[in-house]
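Asks: For reference, the sequence and a predicted model appear below.
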Amino acid sequence: MQLTVLGSSAAYPRAGGACSGYLVEEDKTKLLVDCGTGVLSNLQKVASLRDVKHVVISHLHADHCFDLIPYRYALMRPPNKGFHPHLYLPPGGKEALLKTVSAFSEGSTFFSEFFRVEEYNPRTKLKAGSLRIEFALVRHYIDGYAMAISGSKRMVYSADTGLCDELIELARGADLFLCESTRCSPEDSDWGHLTAGEVGTLSRKAYVKRLMLTHFWPDCDYTRNVREAEASFGKPVEVAGELCTYVL
Ligand SMILES: [Zn+2]
Ligand SMILES: [Zn+2]
């Protein structure tokens, strides 16, 4: 099982970078988790779109799903024409995405003509090829879902969230915990996101084996986040490197 980070910026991409997007692979299964601004470009650097059969979206903030729009156009064109990946959206996602594109598309099949679109039930496990996904509703400004992705190992992705018990439960014993660390100054009281200190503490409580921070504001000095997370986690902490692949 392996993870390739396609984008790690919060809200807007840093120069040359991308917002949230992660490619998780097990055997021949390639699962794209989130598809924020810039992700489609980076995805094509590491995979053929015809090999990516599953796409899952944590929540409908732009930095997690807006590259689904160019992705849809890429599926219209050779060599991807006729290939229809599964697109798993959070509850309510179909209608919300159609509203987003309504300024330039009146058709209700804008996405469904090219993706096999379905809304996942967060209370049940989803099978995506060789991988299984378990969801937990976390604490954010709109409904968003953290995911435990299991294959030969178990990886947990926080999505965007403030501190909540649901995340600690889901992260318990994870081989890799990929966690947002958006708040980069002590004055930042943004309740829907985590400080690095909170990330380290919850990872220690959840007996996480390996911790990786992600979802940084491009102007954030994340070396400080790493120091704070390591102090509360009690072990070394990694940073999600764009276009880096990590073997679990
Ligand atoms: Zn975000
Ligand atoms: Zn968000």
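Replies: Received it, and whenever you're ready, just let me know what you need. Ligands and ions are numbered 1, 2, ... in the order given.
Asks: okay, CA-based contacts and neighbour counts for the rest of this
Replies: OK.
Asks: So the residue at the greatest distance from the centre of the chain versus ligand 2, what's the distance?
Replies: Going by Cα atoms, centre = their mean, the residue of the chain most distant from its centre is Glu106, 28.5 Å out. Distance of Glu106 to ligand 2, given as Cα to the ion, to the nearest Å: 26 Å.
Asks: Specify the local secondary structure of that residue.
Replies: coil (DSSP: H, G, I helix; E, B strand; the rest coil).
Asks: So what touches the lengthiest helix in the chain?
Replies: Ranked by number of residues, the top helix in the chain under DSSP state H is helix 222-233. By Cα atoms under 8 Å, 6 or more residues apart in numbering, the list of residues contacting helix 222-233 from outside reads 181, 184, 195-204, 213, 216, 236-239.
Asks: repeat that for 10 Å
Replies: 181-185, 195-205, 207-208, 210-214, 216, 234-239 (Cα atoms under 10 Å, 6 or more residues apart in numbering).
Asks: same for the very next helix or strand once past it, what does it pack against?
Replies: Later in the chain than helix 222-233, the nearest helix or strand by DSSP states H and E is strand 238-239. Packing partners of strand 238-239 (3 or more Cα pairs under 10 Å, 6 or more residues apart in numbering; DSSP states H and E): strand 176-180, strand 211-214, helix 222-233.
Asks: How far off centre is the shortest one?
Replies: Meaning strand 211-214. Strand 211-214 has its C-alpha centroid displaced from the chain centroid by 12 Å (Cα atoms, centre = their mean, to the nearest Å).
Asks: what are the pairing partners of that strand, and which direction each?
Replies: strand 176-180 (parallel), strand 238-239 (parallel) (DSSP bridges).
Asks: For ligand 2, which of these is the nearest?
Replies: strand 176-180 (10.2 Å; Cα to the ion).
Asks: What's the mean pLDDT across the closest one?
Replies: Strand 176-180 carries an average pLDDT of 98.
Asks: Quote the end-to-end distance of stretch 126-143.
Replies: 18 Å (Cα to Cα, to the nearest Å).
Asks: List the buried residues for that stretch?
Replies: 126, 128-131, 133-140, 143 (16 or more other Cα atoms under 10 Å).
Asks: And those, which is closest to ligand 2?
Replies: Distances from ligand 2 to the buried residues of stretch 126-143, taken by Cα to the ion, are shortest for His140, at 6.7 Å.
Asks: Would you mind giving the buried residues of stretch 126-143 as TSV with secondary structure and distance to ligand 2 added?
Replies: Output for the buried residues of stretch 126-143, formatted as TSV (DSSP: H, G, I helix; E, B strand; the rest coil; distance: Cα to the ion, whole Å):
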residue	secondary structure	distance to ligand 2
Leu126	strand	22
Ala128	strand	23
Gly129	coil	27
Ser130	coil	28
Leu131	strand	24
Ile133	strand	19
Glu134	strand	19
Phe135	strand	16
Ala136	strand	15
Leu137	strand	13
Val138	coil	11
Arg139	strand	10
His140	coil	7
Asp143	coil	9
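Asks: Adding distance to Ile57 and pLDDT, write these out as TSV.
Replies: Conversion of those to TSV gives the following (distance: Cα to Cα, whole Å; pLDDT from 0 to 100):
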residue	distance to Ile57	pLDDT
Leu126	13	98
Ala128	13	98
Gly129	16	98
Ser130	18	98
Leu131	15	98
Ile133	12	98
Glu134	13	98
Phe135	11	98
Ala136	13	98
Leu137	13	98
Val138	14	98
Arg139	16	98
His140	15	98
Asp143	12	98
